[in-house]
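S.K.: Output the structure for:
(4 chains)
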There are 2 protein chains.
Amino acid sequence: MITLTEENYIKTIYQLGRYGTLTVSTNSIAEVLETKASSVTDMVKKLAEKGYANYKRYQGVSLTSKGKKIAADVVRKHRLWEVFLVEKLNFTWDEVHDIAEQLEHIKSEKLINELDKLLDYPTHDPHGDPIPDKFGDIKKTDKILLFNLSESSTGVCVGVKDTSSSFLKYLDKHQIALGSKILVVSREDFDDSMVIEINGSVKMSISQTVANNLFVKEEANT
Amino acid sequence: MITLTEENYIKTIYQLGRYGTLTVSTNSIAEVLETKASSVTDMVKKLAEKGYANYKRYQGVSLTSKGKKIAADVVRKHRLWEVFLVEKLNFTWDEVHDIAEQLEHIKSEKLINELDKLLDYPTHDPHGDPIPDKFGDIKKTDKILLFNLSESSTGVCVGVKDTSSSFLKYLDKHQIALGSKILVVSREDFDDSMVIEINGSVKMSISQTVANNLFVKEEANT
DNA sequence: ATACAAATTTAGATTAATCTAAAAATAGTT
DNA sequence: AACTATTTTTAGATTAATCTAAATTTGTAT
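M.R.: Alright, predicted model coming up:
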């Protein structure tokens, strides 16, 4: 059996390592999980013993295919529950993370399959992140950061990097949502801010920080 | 903060003590939770220290009002989730217990209130057990065991005592469900079995065990 | 009232997950 | 190549929840 704590470590390794493709450092895991690096070392040894991770001292950790499957399942559950909370229980996108963090550990295959069906098989969560399928596979989209969109180009908002409540509320306030059409009107070299136009109407200036936390899908030039 | 384990002990004390009205023994708690009495003693001391229970060595445990509130909340969540699983996710009444056992520990007031609303404020779970309201109050029904129904009396099935999968499947097989009308046709002194008629059509013989695990609400004599 | 059986508690040990502080390895810079 | 700063690991301790085995209390029956 796998414990809740182990699941959280595995998920963190998965996400820090770009869905399990990279090796990650114990320190970075410790930072995300708000523990100490020494605790991470201990746990990572255990995960390796149990066959969920590859680990060589001082060389970082990666997931085995067994570990990746577990991680993808947890992420799948997390994101499906987020969709449920927003679609069925009237939550807003900035309220769902902490609850999904709890719900992601519920064990029942039927439950998650039925939930998937109830929600009509969504492919992305309320923040635009992709939902792994039953087999742990993820559809990759060619999203880029708004910051990397050039002047007079247009993109559709497809996700956020920072999912903090404060950032999401900022976006709400300025009517930026998934699906919004964003035109880069001009860029300011001085402080890397930019002026954008949202859905062809509202014009506003955004900071580099905002531009670096918003994913868009670039639209073909007109 | 209250741990998951503490919550489970509190819930058990609540249920063994008839919704917190009686004092219960450490042994009975140990049996339900499948632990040893010595573990229970330790935990019960801790619960008393934290203000959730009243405890005097060798004299059993009861809940404080603070403990009762926590227990009622957990039971409320458990039963609401059971309704959700049956009503929205196509589970049958014999499949929901173990999953609800996990879901009952999810912490979010908004979540449970919204769930309550989504389900249209149900008063009973799929086994006929009452759902405590937001304040922890429970509507008591005057249900009796089918075993205590006299010959030629009629009752409506309103709940089960044994919620095991095997018993529930037995009921399904014989078309006995919540709401079924049951007439006691005759009783057999020899082995305490009885012949019943279900919904005015099917006649069958049931054992004492079955009659002692089915709750009915007696109907006024015709 | 005593003696015995059953229930309960205590004492001491174990496991999982964590921590601090010290030691070891790695990586970067001159 | 040597020094230093950073990262990582080890060693030893702590906490929550549990266990076994022994000791204590309670209740019952003669």
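
S.K.: just the helices in chain A please.
M.R.: Ranges of helices within chain A are A:4-16, A:26-33, A:37-49, A:65-88, A:97-103, A:109-118, A:165-173, A:208-211, based on DSSP state H.

S.K.: Among those, which comes closest to B:Ile106?
M.R.: helix A:97-103 (4.9 Å; C-beta to C-beta). The way it works is simple: take the backbone N, C-alpha and C, and place the C-beta from them, glycine included.

S.K.: Flag every residue of chain A that's near chain B.
M.R.: Taking C-beta under 8 Å from any C-beta of the partner chain as the contact definition, chain A meets chain B at A:85, A:88-91, A:95, A:98-99, A:102-103, A:105-108, A:110-111, A:114-115, A:118.

S.K.: Now a PyMOL select for only the buried ones of these.
M.R.: Command for PyMOL that selects the buried part of the residues of chain A next to chain B, burial taken from 16 or more other C-beta atoms under 10 Å in any protein chain shown:
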select buried, chain A and resi 85+88+89+91+95+99+102+103+105+106+108+111+114+115+118
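
S.K.: any idea of the pLDDT on the spatially most central residue of chain A?
M.R.: Centroid-nearest residue in chain A: A:Asp129, 5.0 Å away (criterion: C-alpha atoms, centre = their mean). A:Asp129 is assigned 95 on the pLDDT scale.

S.K.: Same question for A:Thr222.
M.R.: Predicted confidence (pLDDT) for A:Thr222: 56.

S.K.: And A:Thr5, by the same measure?
M.R.: 97.

S.K.: In space, what's closest to it - neighbours in sequence excluded?
M.R.: Spatial nearest neighbour of A:Thr5, excluding adjacent residues (C-beta to C-beta, 6 or more residues apart in numbering or on different chains): A:Met43 at 7.3 Å.

S.K.: Next, work out how far apart that neighbour and A:Thr21 are.
M.R.: 21 Å (C-beta to C-beta, to the nearest Å).

S.K.: Name the residue in those two with the higher neighbour count.
M.R.: The neighbour comparison of A:Met43 against A:Thr21 (other C-beta atoms under 10 Å in any protein chain shown) goes to A:Met43, with 23 against 10.

S.K.: Now do the contacts for that one.
M.R.: A:Thr5, A:Glu6, A:Tyr9 (C-beta atoms under 8 Å, 6 or more residues apart in numbering or on different chains).

S.K.: need the residues of chain A near DNA strand D, please.
M.R.: Proximity of chain A to DNA strand D (C-beta under 7 Å from any atom of the strand) is limited to residues A:25-28, A:37-38, A:40-42, A:44-45, A:55, A:57-60.

S.K.: Hmm, A:Lys143 and the residue nearest to the centre of chain A touching each other?
M.R.: No. Applying C-beta atoms under 8 Å, one finds A:Asp129 not in contact with A:Lys143, separated by 10.2 Å.

S.K.: Sketch out the low-pLDDT regions of chain A for me.
M.R.: Scanning chain A for pLDDT under 70 picks out the ranges A:222.

S.K.: which neighbours do A:Asp129 and A:Lys143 share?
M.R.: A:Gly159.

S.K.: any chance of the contacts of A:Met43 in a markdown table, plus neighbour count and distance to A:Met204?
M.R.: Shown next, in a markdown table, are the contacts of A:Met43 (neighbours: other C-beta atoms under 10 Å in any protein chain shown; distance: C-beta to C-beta, whole Å):
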| residue | neighbour count | distance to A:Met204 |
| --- | --- | --- |
| A:Thr5 | 13 | 43 |
| A:Glu6 | 18 | 45 |
| A:Tyr9 | 25 | 41 |
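
S.K.: Let me know the closest of the residues you listed to B:Ile138.
M.R.: Nearest to B:Ile138 among the contacts of A:Met43, counting by C-beta to C-beta, is A:Thr5 at 35.3 Å.

S.K.: Show me how the record splits chain A into domains.
M.R.: A:4-63, A:144-218 (automatic domain parsing).

S.K.: Including distance to B:Leu214, could those domains go into JSON lines?
M.R.: Output for those, formatted as JSON lines (distance: least, C-beta to C-beta, whole Å):
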{"stretch": "domain A:4-63", "distance to B:Leu214": "37"}
{"stretch": "domain A:144-218", "distance to B:Leu214": "49"}
